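# This is a predicted model, with the sequence first.
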Amino acid sequence: MPKLCWEDFKPGAVAEYGPRLVTREEIVAFAAEFDPQPMHLDEAAASATLLGGLGASGWHICCLLMRMISDGYLLDSSSMGAPGVEEVRWLAPLRPGAQIKIRTTVMETRASKSRPDMGLTKFLFEMFDAAGTRLMTMTTTQMVGRRHPETER
Amino acid sequence: MRYFEDIQIGDRYSLGHHTFSAADIKTFARRFDPQLFHLDEAAAARSHFGALCASGWHTAVTWMRLMVDYRRRLDEEALARGEGVGSMGPALGFRDLRWFKPVYVDDTVDYTAEVVETRTSGSRPDRGLVMIRGDGVNQKGEPVLTFVSTAFVERRPSKP
């Protein structure tokens, strides 16, 4: 039985995960596989772009966040996945050697109209580096299993 | 990529397709999204998904890879014709991403991109902003992915 069910995510609840070191090696490896633009691959080419130096792919930033929230709480929960992501903003470059932290805030919860065994939890996720610079924000609604499926009304 | 001035709303790019193998689905999930329904056939069969399926992030980053490859081909063709190419990126983010249906083992997703909005940038006069909708459709013609991204594109340098 998962420790965390939909009922456990209360609006306004805040949690933090990390820090996690992001190496140059993994930034370049992700980019080579999924987003091979010069600004994510090579310092000299990256310095000539608006990124102003080597920085992680925005998709890599999303994937790092996904992994950190998985280890942070999702794998201990009755997560049923997510139907989508409302918004992601990449606010500042994620540089090699950064120590990143995630802050999660429960924005809103509601029961599912169609599935009595499931609830919806809307989160704001924010990523910061060690200096406290906010690197990204993500707003998404996750589907989470209920501890007490709603019975017939 | 052509310069910002060459990009029109409604421009549509066929990026190609990708088939998601069980091995690739699990390798990606182990790195970035280790929920059991992306990692383990038996656990996935017991979940509401009913079978092993790809992380939604895997479906999305595959769009990005095909988009980068497509742009590189366009740039090489333009350079071969002696034309200039504008640099693209970085992106500022995306919105309205939907994973409509799971992508299951051996599903083939066909990816496209379409320009939905363009505007000049107040902060960067040498760049414009281009909003591109990315879409993925499986082999049955069912949409599996959509989102709208916003990225900087270089403007055509003014003649001296």
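That came through, no problem.
# Report the contact partners of B:Ala44.
Contacts of B:Ala44 were listed using CB atoms under 8 Å, 6 or more residues apart in numbering or on different chains, and they are B:Leu36, B:Phe37, B:His38, B:Gly50, B:Ala51, B:Leu52, B:Cys53. Where you see a C-beta, it was placed from the backbone N, CA and C, and this is true even at glycine.
# What is the three-state secondary structure of the most centrally placed residue in chain B?
Residue closest to the average C-alpha location in chain B (CA atoms, centre = their mean): B:Trp63, at 3.1 Å. On the three-state scheme (DSSP: H, G, I helix; E, B strand; the rest coil), B:Trp63 is labelled helix.
# Show me what from chain B comes close to chain A.
Residues of chain B lying close to chain A (CB under 8 Å from any CB of the partner chain) are B:31-35, B:37, B:47-49, B:55-57, B:60-62, B:64-65, B:68, B:87, B:89-99, B:124, B:127, B:147, B:152.
# How many residues are close by B:Arg119?
Around B:Arg119 sit 11 other residues, with neighbours defined as other CB atoms under 10 Å in any protein chain shown.
# cool, B:Ile9 as well?
Using other CB under 10 Å, B:Ile9 has 11 other residues around it.
# Now list the buried members of the contacts of B:Ala44.
By neighbour count, with 16 or more other CB atoms under 10 Å in any protein chain shown, the contacts of B:Ala44 hold B:Leu36, B:Phe37, B:His38, B:Leu52, B:Cys53 as buried.
# The second one is in contact with B:Cys53, isn't it?
Yes: the criterion here is CB atoms under 8 Å, and B:Phe37 meets it with B:Cys53 at 6.4 Å.
# The closest residue to A:Leu41 other than its chain neighbours: what secondary structure?
Distances taken as CB to CB, 6 or more residues apart in numbering or on different chains put A:Ala31 closest to A:Leu41, at 5.1 Å, once the chain neighbours are dropped. The three-state label given to A:Ala31 by three-state DSSP is helix.
# list the contacts for A:Ala31?
A:Ala31 makes contact with A:Gln37, A:His40, A:Leu41, A:Ala56, A:Ser57, A:His60, according to CB under 8 Å, 6+ apart.
# any chance of these in CSV, plus pLDDT and secondary structure?
As requested, the contacts of A:Ala31 are exported to CSV (pLDDT from 0 to 100; DSSP: H, G, I helix; E, B strand; the rest coil):
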residue, pLDDT, secondary structure
A:Gln37, 95, coil
A:His40, 96, helix
A:Leu41, 95, coil
A:Ala56, 98, coil
A:Ser57, 97, coil
A:His60, 98, helix
